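In: A structural model of the following input is requested.
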Amino acid sequence: MDNQLITNALVSQYKSGLTMLRQVIEKMPDSQWNDAEYNNPNWQLSYHILWAVKFYLGANAEAYVPWKNAIEGAESLGGTQEWENPDENVVVEGYHSKEEILSFIDSIENDLKPSVEALPLDKDSGFEWYPYTRLELHINTIRHSQHHTAQLIERLKRKGITGFTWAIDGNPPQEW
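Out: Numbers count the residues shown, from 1 in each chain. Have a look, this model is predicted:
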């Protein structure tokens, strides 16, 4: 199969996932953005998604350059793996506004295609905890972002907020 075809499909799916996340953020009432109802507030879950996309688009952990507005430790949701929660003592201070998170989405989208094209799809992922190819890492990262976006959607649906679209290149096939 043609690598350009695969690259284009990956970029399309990343963009569709980011469009869905953008939709969620835009529908999120301000009162729920930093609400303490959940262990990880909605802003932090949104940030975690974007942090992970940016992180795994890079060659490896050592090559990661944090987003210019990063809040130390906000990417961690308190997982049990060492790489998920490298420093349990970090206290997240402050929070990102919706506008900041939306600008983070913009910055990722601007660099998306060159980032996907930069590394061979058939080589190692670059992350020892993901012992598979770069192609599979992209698929895993897209699944991860959709998993957490769905969590945010479910939180909003419980509050009566609906109308989320499966955004695929601006041509949504269904709404839920």
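
In: in this protein, which residue is closest to the centre?
Out: Closest residue to the average C-alpha location of the chain: I49 at 2.6 Å, with C-alpha atoms, centre = their mean.

In: can you give me every residue that contacts that residue?
Out: Applying C-beta atoms under 8 Å, 6 or more residues apart in numbering to I49 gives the contacts L21, H144, S145, H148, T149. All C-beta atoms are positioned from the backbone trio N, CA, C, and that covers glycine.

In: how near is it to I101?
Out: 9 Å (C-beta to C-beta, to the nearest Å).

In: picking up where we left off before, buried subset of the contacts of I49?
Out: When those are checked for burial by 16 or more other C-beta atoms under 10 Å, the buried set is L21, H144, S145, H148, T149.

In: and the furthest pair within those?
Out: Maximum pairwise distance in the buried ones among the contacts of I49, criterion C-beta to C-beta, is 11.8 Å, between L21 and H144.

In: pretty sure T7 is touching L119, no?
Out: No: here T7 lies out of contact with L119, judged by C-beta atoms under 8 Å, at a distance of 10.6 Å.

In: circling back: just the buried ones among the contacts of I49: which are in helices?
Out: Secondary-structure check on the buried ones among the contacts of I49 using DSSP state H: residues within helices are L21, H144, S145, H148, T149.

In: include pLDDT and distance to I71 when you put those into JSON lines, please.
Out: Output for these, formatted as JSON lines (pLDDT from 0 to 100; distance: C-beta to C-beta, whole Å):
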{"residue": "L21", "pLDDT": "96", "distance to I71": "18"}
{"residue": "H144", "pLDDT": "96", "distance to I71": "20"}
{"residue": "S145", "pLDDT": "97", "distance to I71": "19"}
{"residue": "H148", "pLDDT": "96", "distance to I71": "17"}
{"residue": "T149", "pLDDT": "97", "distance to I71": "20"}
